[in-house]
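Novice: A structural model of the following input is requested.
(one chain, ligands or ions: 2)
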Amino acid sequence: MNKKGKIVVISAPSGCGKSTIINSILGTGEIQLRFSVSATNRAPRAGEEDGVNYHFFTTEEFRNAIANDEFVEWEQVYPGRYYGTLKRELSDAAQRGENTILDIDVKGALKVKKQFGDEALLIFIMPPSIEALRQRLVKRGTDSAEVIAERVDKAEYEISFADRFDVVITNDDLPVAVAATESVISAFLAK
Ligand code: ADP
Ligand code: 5GP
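Specialist: Ligands and ions are numbered 1, 2, ... in the order given. Presented below is the predicted three-dimensional model:
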């Protein structure tokens, strides 16, 4: 694959504030980054649009995409729920010389690092505590109690990957976390 554009990867346990931080950074338009739209077989949440938040695939479509070698990486992040970065998302951006930002899970992040080396920056967003994470998921109101419990249960496992990331940023005070994330991304893109 043509590797012209740089790749910024943001990972964190669900509910840490990844999407909030990414949307805030993309919203200012100060850093030129294109969001890589992943594929998933999970159902869209209220307000999510196909092709914007995710490419919403059926399980069969997802399996076909795996068989056709269409993914840079893919993971079964939760039982029965698949997520993957499509090669075409990165190759289209690279051809245009654009930098890309990925919101993917910790294992996917390490696979991207393995493939792209210094062209990829891995940022881990840390919650202030597991309890704060649980409260954010409850307050967000997009997931059932069962799904929230599943996500909180997985958080400690995901946090154990943090020391393999290039940068770890704690999202306690949101504006502080956004500023810190912007700053490390700007420095990486300027290199
Ligand atoms: P993720 O994309 O990591 O799953 P979200 O960006 O959806 O997480 O954030 C989860 C919830 O927590 C949202 O309702 C968001 O508004 C809220 N949130 C994000 N950052 C903070 C913060 N620093 N303090 C309090 N609430 C936050
Ligand atoms: P959500 O269902 O909350 O949108 O995402 C659940 C988890 O899947 C998050 O940790 C998110 O970062 C991860 N995820 C989203 N897209 C991808 C992807 O393309 N690949 C991998 N490996 N994980 C992804």
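Novice: please make it C-alpha for all contacts and neighbour counts, starting now.
Specialist: Will do.
Novice: I'd assumed Val77 was in a strand, is it?
Specialist: Yes - counting by DSSP: H, G, I helix; E, B strand; the rest coil, Val77 is part of a strand.
Novice: what does this structure have sitting close to ligand 1?
Specialist: 14-20, 136-137, 139-140, 171-174 (C-alpha under 6 Å from any ligand atom).
Novice: 8 Å instead, please
Specialist: 11-22, 103, 133, 136-137, 139-141, 171-175, 177 (C-alpha under 8 Å from any ligand atom).
Novice: restricted to strands, list those residues.
Specialist: 11, 103 (DSSP state E).
Novice: please indicate which of the residues of the chain next to ligand 1 are buried?
Specialist: Taking 16 or more other C-alpha atoms under 10 Å as the criterion, what is buried in the residues of the chain next to ligand 1 is 11-18, 21-22, 103, 133, 136-137, 171-172, 177.
Novice: so the helix or strand of the chain with the lowest mean pLDDT, near ligand 2 or not?
Specialist: One helix or strand of the chain scores below all others by mean pLDDT, DSSP states H and E: helix 87-95, with a mean of 91. No - Helix 87-95 stays out of contact with ligand 2 when judged by C-alpha under 8 Å from any ligand atom, the minimum separation being 10.3 Å.
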